[in-house]
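In: A structural model of the following input is requested.
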Amino acid sequence: MTLTWLRIILIPVFTLLFFLPIPTLWQNFLSAFIFIVAAITDWFDGFLARRWQQTSEFGAFLDPVADKLMVAAALILLIYLERTNPIVAMIIIGREITISALREWMAQAGKRRSVAVAYIGKVKTAVQMIAITTLLILNIPLLNINLYIIGNVMMYIACLLTIWSMFHYLAIARQEVNK
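Out: From the prediction side, this is the model:
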């Protein structure tokens, strides 16, 4: 759970970097680095919790909250920096809120396992993290590759996967409710 708290603490750190009087290149590089560290701690946190059987109800609640906060903060920052489409960001944030509420509701109904993270959700998260990282590191010359286009194409793919995964979870919840 320490790694979850670390992710939450890193959110204002990578956000505030864009408001410090340092060169844009450093802002981009450092914020992307911090975002990557936070994303890796998410995976590592889950791995260690399962491996050492150190799971708790509060940890199971806080981990996805930290993930959603991290993604929402990064997307809002990318909108502010005019690096991504606000509608795509709103769809992704809206889905995150919807599925979080759905999971909470299903947990109260004693059916938390029925809306556990599915493979499509993991793929969505991976594409989303790569897209956000790519868009955060814009302005860093990288072998003449246009990171703006690549990052936004990936963001649109993440948006489609976001919608797909949302319907996947809603369908599962509907089946549970109809039982």
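In: buried ones in stretch 133-144?
Out: Neighbour counts over stretch 133-144 (16 or more other CB atoms under 10 Å) mark Thr133, Thr134, Leu135, Leu136, Ile137, Leu138, Asn139 as buried. For glycine as for every other residue, the C-beta is placed from the backbone atoms N, C-alpha and C.
In: Any chance you could give me it in CSV, C-alpha atoms only?
Out: Written as CSV, here are the backbone C-alpha positions of stretch 133-144 (Å, rounded to 0.1, in the frame of the first residue of the first chain):
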residue,chain,number,x,y,z
THR,A,133,3.7,9.3,-21.6
THR,A,134,4.2,10.0,-25.3
LEU,A,135,2.2,13.2,-25.1
LEU,A,136,3.9,14.3,-21.9
ILE,A,137,7.3,14.1,-23.6
LEU,A,138,6.4,16.1,-26.6
ASN,A,139,9.1,18.6,-27.6
ILE,A,140,11.9,16.1,-26.9
PRO,A,141,13.6,15.4,-30.2
LEU,A,142,13.4,11.7,-30.8
LEU,A,143,14.9,10.5,-34.1
ASN,A,144,12.6,12.9,-36.1
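In: What mean pLDDT does it get?
Out: Computed over stretch 133-144, the mean pLDDT rounds to 77.
In: got it, and stretch 147-160?
Out: 91.
In: Other residues contacting it?
Out: Stretch 147-160 has contacts (CB atoms under 8 Å, 6 or more residues apart in numbering) with 83-85, 88, 91-92, 124, 127-128, 130-132, 134-135, 137-138, 140.
In: Drop the exposed ones from the residues you listed and show what's left.
Out: The neighbour count (16+ other CB under 10 Å) marks 83-84, 88, 91-92, 124, 127-128, 130-132, 134-135, 137-138 as buried among the contacts of stretch 147-160.
In: Show me which of those is closest to Ser31.
Out: Nearest to Ser31 among those is Ile137, at 8.1 Å by CB to CB.
In: which residue packs closest to the closest one, ignoring adjacent ones?
Out: Spatial nearest neighbour of Ile137, chain neighbours left out: Ala32 (4.1 Å); criterion: CB to CB, 6 or more residues apart in numbering.
In: Mind listing what's buried along the top helix by length along the chain?
Out: Ranked by residue count, the top helix of the chain under DSSP state H comes out as helix 147-178. By neighbour count on 16+ other CB under 10 Å, the buried set for helix 147-178 is 147, 151-152, 154-155, 157-159, 161-162, 165-166, 168-169, 172-173.
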